[in-house]
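>>> Show me the folded form of this:
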Amino acid sequence: MKYTLCDITEIEDPGSRAFELIFNHAPLEIFVVQSNASLRAYVNSCPHTGANLDWQENQFLDLDKCFIQCSTHDALFDIDSGLCIAGPCVDKSLQALELSSQNGSLVVHIPDDFINANACGR
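Residues are numbered from 1 along each chain as shown. Below is the predicted model of the structure:
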């Protein structure tokens, strides 16, 4: 299933933005991060606890805007890969989603058989 999120210019570089989608009749929270003109989308769920990562509205990056930072335990994740490099979930990854652009808009692709692997803190 495809969801149009926003215009590409609406996400700062570096910057991030949250989105709530309805997938299979249930809410699915995701976020998009832009850094060095590269865009990545992830499920908004920490692999350690399943908690949302944003520490303020649309704020997923650390103060230096170099890493994604979890609001609960300050775990740090590589922006490009989603891999945790510091904190209680080292070597676990955020769940990545496929992004594309269509006519200047960001589109996220969620497979029909998608399962939120981090929903229960696994």
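
>>> what about the residue nearest the centre of the chain, is that helix, strand or coil?
Nearest to the geometric centre of the chain sits Y42, at 2.8 Å (Cα atoms, centre = their mean). Assigned with DSSP: H, G, I helix; E, B strand; the rest coil, Y42 falls in the strand class.

>>> Can you tell me how far the residue nearest to it when sequence neighbours are not counted is from D7?
Distance criterion Cβ to Cβ, 6 or more residues apart in numbering; nearest residue to Y42, sequence neighbours excluded, is L94 at 4.2 Å. Where you see a C-beta, it was placed from the backbone N, CA and C, and this is true even at glycine. Per Cβ to Cβ, to the nearest Å, L94 is found 24 Å from D7.

>>> One more: L76?
Relative to D7, and taking Cβ to Cβ, L76 is found at 29 Å.

>>> So between these two, which is more surrounded?
Using other Cβ atoms under 10 Å as the criterion, L76 and D7 rank with L76 on top: 17 against 12.

>>> Pull the contacting residues for the more buried one.
L76 sits next to D62, F67, I68, Q69, C70, C84, I85, A86, G87 when contact means Cβ atoms under 8 Å, 6 or more residues apart in numbering.
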